[in-house]
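Colleague: Dropping a prediction and its sequence here:
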Amino acid sequence: MAPLLVGSTNGSSTAALWTKDFCVVRSRHFVSGKAQLGFNRRRRAATAAASSDVKAAPVRSRTDGSAAGSSGSTSTTNSSKPLSWLQSKWDKEIWQLAVPAALALAADPLLGMVDTALVGRLGSDELAALGINTSLFSLSFIVFNFLATATTPAVATAVSSSNARAAGETIWQATSLAVVLGLLVAAGMLGNGSWMLAVMGADDSQQHMQDLALQYLWIRAFAAPAVLLTTVGQGVFRGISDMRAPLFITLATNSVHLALALVLMFPCGLGIKGAAISTAASEWLAAGAYVSLVWGKRDLLGLWPPPQLRPAQLRERYLPFLQAGSAVVMRTGSLLGTKTLATAVAARLGPGSVASHQVLMQLWVLASMLVDSLAVSGQTLVAVNLGQGRRAAAREISDRLLQLGLGTGVLLAALMLGGSPWWPQLFTSDEAVLGTIRDLVPLAVLPLPVNALVYTLDGVLVGCSDWGYLMKAMVGASAVAASMLVLVEPSGAGLEGVWSALAVLMVGRLVTLGWRYQSKSGPLPPQQQQQQQHDVASLQQQQQLLLQELSKQT
């Protein structure tokens, strides 16, 4: 059968195609049972073809059965139906990416919680030293998260359009930047570790905690290049919709880390230095695994032969990547800078305060990472559908992701709030710290549904490569929260003031990102989706009327 002109609203073109297809069956045998079955099959195929404009290719049409109904009814596609909270046609694609991503993303915070629990047994100074280093390394490494964030949509678009060479160039660019930036970060930490820790609140007034923090920093700094190479590998595998390899690598390397930490910290008596050694070793192991697996896909990704660039071409080829990267750096730097400032303010309130802050922050990060798996799905699915011109499908996927994100956030908040009498004891036995944690649980847990919507919206807009707006929105929200954090000590607000500022940060992000998502000038304007759905429904109605006329004529 000739292909149906779904994208056209010209009735004569459609009628011509249908006349061509069905003229051969205008005989007295048309009404026989066998011919009628063939006719129904043709009609079902036409309806499925019409629905393909608003859904991704891998998703099978669910209107096939209804299309074979009576010719007097008008068929509707799933895209014109309101989304259900319980089920959506996009759930399979979303969860195939989100579940492995959730396990991989949650593994690191879970291990961080284990580290916190183990180091907490050494004493409050050790726990405070770990908390300061955790924030410092998060800022130092995650500020370069553009190596994954910019790589994912670029690789997804290139691979989906069978442009292996473009994918290979992107990966080589990201890898070379990871090596150079990783060496610079390591050198900066080794040469300025004491100053960095003093900025974070571990100054000479707390000499013992400062010495412990410096020991940890010097050891773990050697793994900076490995962390950035791992970041590139994660972006590549997200771009090719393979979440199982990152999950396997994360579970394997974290298992090694846990085993080494238990041996080095206690039987070997290395204390916090043992935690640093085990962390650095597992990070280099992960980097090696990613490099090996990515190289194994060199034909698919166009990695060999590597691109031969003259010095004059370097700026031209790297400029688009660096432009996206600079916006992501500003966005991520603003977020991490605000969280780092929160830790620094907590550190100045005393070891007990920063220890309580560390425990609550680990739980906040864990919950955020679980929801961020939906953002990873959004980055990949939205980028692929936009690359194929399926803007309405991208909007539908985004709406469904927001539903799932909100539901997940509410569930996590309920679980953490209900378990608050018990889980703080897993991290410390200090009664003062436990009391502070329990007092702050409502303030730290109730914003989790807001966080869930923020992370999901962020993933959707990353999939749209809306880098400029993401940067501006983050800078604005962070500025408000940072101004509140600066006033915590002078006002005597304590840790309640710190966590109030973090809650304001997330509410500000929700307002700005939500406005962009609903804006007419945004990358996925809702009215465009509605118009496309209306056009497709109108075309399908014309097709059904034409089918009725053909049936009457025969």
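Modeller: Arrived safely.
Colleague: Touching stretch 366-379 from outside, list them.
Modeller: The contact list for stretch 366-379, computed with CB atoms under 8 Å, 6 or more residues apart in numbering, reads 93-94, 97-99, 101-102, 105-106, 108-110, 112-113, 149, 152-153, 156, 238, 243, 397-398, 401, 404-405, 408-409, 412, 416, 448, 451-452, 455-456, 458-460, 462-463. Every residue, glycine included, has its C-beta placed from N, CA and C.
Colleague: Sorry, wrong one. I was asking about stretch 322-334.
Modeller: Contacts of stretch 322-334 (CB under 8 Å, 6+ apart): 139, 142-147, 149-150, 177, 465, 467-468, 470-471, 474-475, 477-479.
Colleague: ditto for stretch 125-140
Modeller: Residues contacting stretch 125-140 (CB under 8 Å, 6+ apart): 112, 115-116, 119-120, 185, 189, 196-197, 200-202, 206, 208-210, 212-213, 216-217, 220, 224, 271-272, 275, 333, 336-337, 339-340, 343-344, 347, 351, 354-355, 357-358, 361, 428.
Colleague: Distance from the chain centre to it, please.
Modeller: Relative to its chain's centre, stretch 125-140 lies at 24 Å (CA atoms, centre = their mean, to the nearest Å).
Colleague: Contact partners for V143?
Modeller: With contact set as CB under 8 Å, 6+ apart, V143 has these partners: 329, 332-333, 336.
Colleague: Kindly apply the preceding question to A346 instead.
Modeller: A346 is in contact with 201, 353-354, 356-357, 495, 498, counting by CB under 8 Å, 6+ apart.
Colleague: want to try JSON lines for those residues, with pLDDT, distance to Q518 and neighbour count as columns?
Modeller: JSON lines is the format used below for these (pLDDT from 0 to 100; distance: CB to CB, whole Å; neighbours: other CB atoms under 10 Å):
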{"residue": "G201", "pLDDT": "77", "distance to Q518": "40", "neighbour count": "25"}
{"residue": "S353", "pLDDT": "84", "distance to Q518": "39", "neighbour count": "20"}
{"residue": "V354", "pLDDT": "83", "distance to Q518": "39", "neighbour count": "30"}
{"residue": "S356", "pLDDT": "86", "distance to Q518": "38", "neighbour count": "29"}
{"residue": "H357", "pLDDT": "88", "distance to Q518": "35", "neighbour count": "27"}
{"residue": "L495", "pLDDT": "90", "distance to Q518": "35", "neighbour count": "24"}
{"residue": "V498", "pLDDT": "92", "distance to Q518": "31", "neighbour count": "26"}
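Colleague: pLDDT below threshold where in the stretch 51-200 of the chain?
Modeller: Counting by pLDDT under 70, the stretch 51-200 of the chain contains low-confidence ranges at 51-85, 106-111.
Colleague: where do the helices sit along it?
Modeller: Along the stretch 51-200 of the chain, counting by DSSP state H, counting those that start in this stretch, helices occupy 64-67, 91-120, 124-142, 146-149, 151-160, 164-199.
Colleague: now, of those helices, which is deepest in the fold?
Modeller: helix 146-149 (a mean of 26; mean count of other CB atoms under 10 Å).
Colleague: Show me what that helix is packed up against.
Modeller: Helix 146-149 sits against helix 164-199, helix 224-239, helix 311-348, with contacts defined as 3 or more CB pairs under 8 Å, 6 or more residues apart in numbering; DSSP states H and E.
Colleague: swap the cut-off to 10 Å and go again
Modeller: Judged by 3 or more CB pairs under 10 Å, 6 or more residues apart in numbering; DSSP states H and E, helix 146-149 is in contact with helix 164-199, helix 224-239, helix 311-348, helix 351-387, helix 448-463, helix 467-486.
Colleague: residues making contact with the next helix-or-strand element following the last one?
Modeller: This means helix 467-486. Per DSSP states H and E, helix 467-486 leads on to helix 488-491 as the next helix or strand towards the C-terminus. Counting contacts by CB atoms under 10 Å, 6 or more residues apart in numbering, the residues outside helix 488-491 that touch it are 341-342, 345-346, 348-349, 484, 494-501.
Colleague: ok, and the most crowded of the residues you listed?
Modeller: Ranked by neighbour count (other CB atoms under 10 Å), these have A346 at the top, with 31 neighbours.
Colleague: hmm, back to that, now flag whichever of the contacts of V143 is closest to K89.
Modeller: Nearest to K89 among those: T332, at 33.2 Å, using CB to CB.
Colleague: any idea how far the closest one lies from S326?
Modeller: Shown here: T332 relative to S326, a distance of 11 Å by CB to CB, to the nearest Å.
Colleague: And these two? Which one has more around it.
Modeller: Just comparing T332 and S326: by other CB under 10 Å the higher neighbour count belongs to T332, 20 against 14.
Colleague: Now do the helices in the stretch 401-550 of the chain.
Modeller: Counting by DSSP H, counting those that start in this stretch, the helices of the stretch 401-550 of the chain are 431-445, 448-463, 467-486, 488-491, 494-518, 526-553.
Colleague: Residue ranges in the stretch 201-350 of the chain under the pLDDT threshold?
Modeller: Using pLDDT under 70, the flagged stretches of the stretch 201-350 of the chain are 309-317, 320.
Colleague: repeat that for 80
Modeller: Residue ranges of the stretch 201-350 of the chain with pLDDT under 80: 201-205, 308-325, 332-333, 336.
Colleague: Report the secondary structure state of S241.
Modeller: Using DSSP: H, G, I helix; E, B strand; the rest coil, the structure places S241 in coil.
Colleague: what number of residues lie near it?
Modeller: The tally of other residues near S241 (other CB under 10 Å) stands at 17.
Colleague: Same check on P442?
Modeller: Using other CB under 10 Å, P442 is surrounded by 13 other residues.
Colleague: For it, list the residues it contacts.
Modeller: Contacts of P442 by CB under 10 Å, 6+ apart are 413, 417, 420, 499.
Colleague: what about the closest residue in space to V114 that isn't next to it in sequence, which helix or strand?
Modeller: Nearest residue to V114, sequence neighbours excluded (CB to CB, 6 or more residues apart in numbering): L258, at 6.3 Å. Counting by DSSP H and E, the element that carries L258 is helix 244-265.
Colleague: For that helix, list every residue counted as buried.
Modeller: 245-247, 249-250, 253-254, 257-258, 260-261, 264-265 (16 or more other CB atoms under 10 Å).
Colleague: Pick out the most distant pair among the residues you listed.
Modeller: A245 and M265 (29.9 Å).
Colleague: give me every residue that touches A493.
Modeller: The neighbours of A493, taking CB under 10 Å, 6+ apart as the test, are 345, 349, 484-485, 487, 499-501.
Colleague: and those as a markdown table, adding distance to T436?
Modeller: Below are the contacts of A493 laid out as a markdown table (distance: CB to CB, whole Å):
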| residue | distance to T436 |
| --- | --- |
| V345 | 15 |
| L349 | 10 |
| M484 | 19 |
| L485 | 18 |
| L487 | 20 |
| W499 | 11 |
| S500 | 15 |
| A501 | 17 |
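Colleague: Among these, which has the minimum pLDDT value?
Modeller: Lowest pLDDT of these: L349, 87.
Colleague: Show me which positions of whichever strand or helix holds I277 end up buried.
Modeller: Element membership for I277, per DSSP H and E: helix 272-296. Neighbour-count burial for helix 272-296 flags 272-287, 289-291, 293-294 (criterion: 16+ other CB under 10 Å).
Colleague: And stretch 209-222, by the same measure?
Modeller: So, applying 16+ other CB under 10 Å, buried residues of stretch 209-222: 209-210, 212-217, 219-222.
Colleague: List just the nearest of those to L381.
Modeller: R220 (35.0 Å).
Colleague: which helices and strands does the strand or helix carrying the closest one pack with?
Modeller: R220 belongs to helix 207-220 when assigned by DSSP H and E. Under the contact criterion of 3+ CB pairs under 10 Å, 6+ apart, helix 207-220 touches helix 124-142, helix 164-199, helix 272-296, helix 351-387.
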